[in-house]
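[1] Only the shape, not the letters, is given here:
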Ligand SMILES: NC(=O)c1ccc[n+]([C@@H]2O[C@H](COP(=O)([O-])OP(=O)(O)OC[C@H]3O[C@@H](n4cnc5c(N)ncnc54)[C@H](O)[C@@H]3O)[C@@H](O)[C@H]2O)c1
Ligand SMILES: O=C(O)C(=O)C[C@@H](O)[C@H](O)[C@H](O)COP(=O)(O)O
Ligand SMILES: [Zn+2]
């Protein structure tokens with residue numbers, strides 16, 4: 001049995017990230033290690049695609065250990081990251097009798113993780129929660145405490161920082177993940193490599209075939225390396241007063257693409273993949289880096305990810321959305337730009353004409 005453990009070091013709010021197989025059978029023990037005992041009722045939030053596969057696998061050991069537990073299911077998909085779904089979950093939590101000692105378990109991908117985490121952040125002004133990620137992408141979303149929902153005018157516009165008590169990533173769940181979602185998850189794995197670890201980027205290039213075949217040892221290694229980069233950044237700058245913004249590489253453009261298409265055209269990872277190519281081109285134009293967009297494009301393409309902007313979106317709309325990005329200040333555009341492979345910098349005040357040129361090149365095959 002594979003099992004690897006890391007820590008997000010946040011003083012008395014530090015928590016473990018456990019990555020391995022067959023972990024759900026031991027879920028009660030992990031919860032008790034975090035002082036979530038059968039005296040505490042649990043709301044398991046999941047989605048309509050995950051519930052049929054893993055609902056029972058999570059509920060059964062909890063019930064056997066004496067927990068009072070209820071499962072709440074939201075429709076699968078990005079549209080569930082909404083205030084409407086949040087409000088419905090609050091109602092279910094109240095009716096179930098959740099109190100300040102209760103905990104929320106987020107069983108699913110980033111949508112469930114962000115939504116259920118936000119529920120935990122606001123329910124009775126904050127209760128504990130646990131992340132049970134079931135997508136590759138959720139190696140990113142389950143760590144670091146960014147929770148929230150979308151607004152039609154902007155991605156993740158409503159949310160809170162609220163750290164989980166525990167991240168328990170059972171890699172067995174990845175067996176049922178659709179191929180498109182696996183690729184989408186690799187976009188954030190590649191992001192972690194491109195911002196912090198050139199060797200990891202080369203490793204991802206070398207092992208792409210086995211990783212796409214879901215070789216369990218390599219997949220676990222990719223998750224652990226990605227989580228380790230994220231955990232280190234979060235530990236140094238939990239609330240994004242500076243350094244943490246590097247985790248947003250590809251997202252100024254990526255989030256604009258998602259919002260401009262009503263969160264329907266691309267998955268989050270696909271939008272970030274196109275965004276990383278765009279921001280690599282932008283880095284070359286601004287002069288922070290040389291010769292990075294070619295490698296970025298090739299690596300993402302090896303994982304079947306989109307690397308050109310092939311949707312007829314107006315530059316005006318994308319620029320408006322990018323000015324609303326959470327990193328932006330005083331109407332200035334802020335981007336995370338590469339300095340090379342494995343290193344990036346946060347660049348404020350990028351000129352609009354240069355962004356337009358990057359978008360033009362991003363549209364080229
Ligand atoms: N909080 C953060 O730091 C952070 C980081 C990255 C991304 N995100 C957010 O995460 C979201 C994207 O997450 P995602 O890509 O995991 O999408 P998702 O949660 O929508 O999952 C993708 C699809 O796969 C299905 N699915 C999930 N696990 C499955 C499994 N094991 N087997 C079969 N089907 C499964 C889901 O039902 C869904 O249809 C976006 O909203 C993004 O903004 C947040
Ligand atoms: O954890 C972070 O910080 C990130 O930026 C990780 C991103 O992959 C993630 O998509 C995050 O939700 C984006 O946050 P936002 O603040 O730009 O909405
Ligand atoms: Zn992301």
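    Sure thing, it's come through. From a predicted model like this one, the values you see are computed outputs, not experimental measurements. Ligands and ions are numbered 1, 2, ... in the order given.

[2] can the helix or strand containing residue 113 be found next to ligand 2?
    Per DSSP states H and E: residue 113 is located in helix 110-122. No: under the criterion of C-beta under 6 Å from any ligand atom, ligand 2 is not reached by helix 110-122; the shortest gap measures 6.9 Å. Heads up, the C-betas are built off the backbone N, CA and C, glycines and all.

[3] buried residues in that helix?
    110-122 (16 or more other C-beta atoms under 10 Å).

[4] Just give me the closest of these to ligand 1.
    residue 110 (1.9 Å; C-beta to the nearest ligand atom).

[5] so for the longest helix anywhere in the chain, what's the average pLDDT?
    Longest helix of the chain, by residue count under DSSP state H: helix 216-236. Helix 216-236 comes out with an average pLDDT of 98.

[6] Please name every helix or strand in contact with that helix.
    The contact analysis (3 or more C-beta pairs under 8 Å, 6 or more residues apart in numbering; DSSP states H and E) places helix 216-236 against strand 3-8, strand 15-20, helix 138-141, strand 166-170, helix 179-196, helix 198-206, helix 208-212.

[7] any idea which of these is most buried?
    Highest mean neighbour count among these (mean count of other C-beta atoms under 10 Å): helix 138-141, with a mean of 27.

[8] Contacts only, for the residue nearest the centre of the chain.
    With distances taken as C-alpha atoms, centre = their mean, residue 141 lies nearest the centre of the chain, 2.8 Å away. Contact analysis of residue 141 by C-beta atoms under 8 Å, 6 or more residues apart in numbering lists 109-110, 113-114, 133.

[9] same deal with residue 118?
    86, 147-149, 158-160, 162.

[10] Which of the residues you listed fall in helices?
    Using DSSP H, the contacts of residue 118 in helices are residue 86.

[11] Output the contacts of residue 118 as a markdown table; include the columns pLDDT.
    Output for the contacts of residue 118, formatted as a markdown table (pLDDT from 0 to 100):
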| residue | pLDDT |
| --- | --- |
| 86 | 98 |
| 147 | 98 |
| 148 | 98 |
| 149 | 98 |
| 158 | 98 |
| 159 | 98 |
| 160 | 98 |
| 162 | 98 |
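
[12] From the contacts of residue 118, list just the buried residues.
    86, 147-149, 158-159, 162.

[13] what about residue 178, how many residues close to it?
    As a burial measure, residue 178 scores 10 neighbours (other C-beta atoms under 10 Å).

[14] ok but residue 345 is inside a strand, no?
    Yes: counting by DSSP: H, G, I helix; E, B strand; the rest coil, residue 345 is located in a strand.
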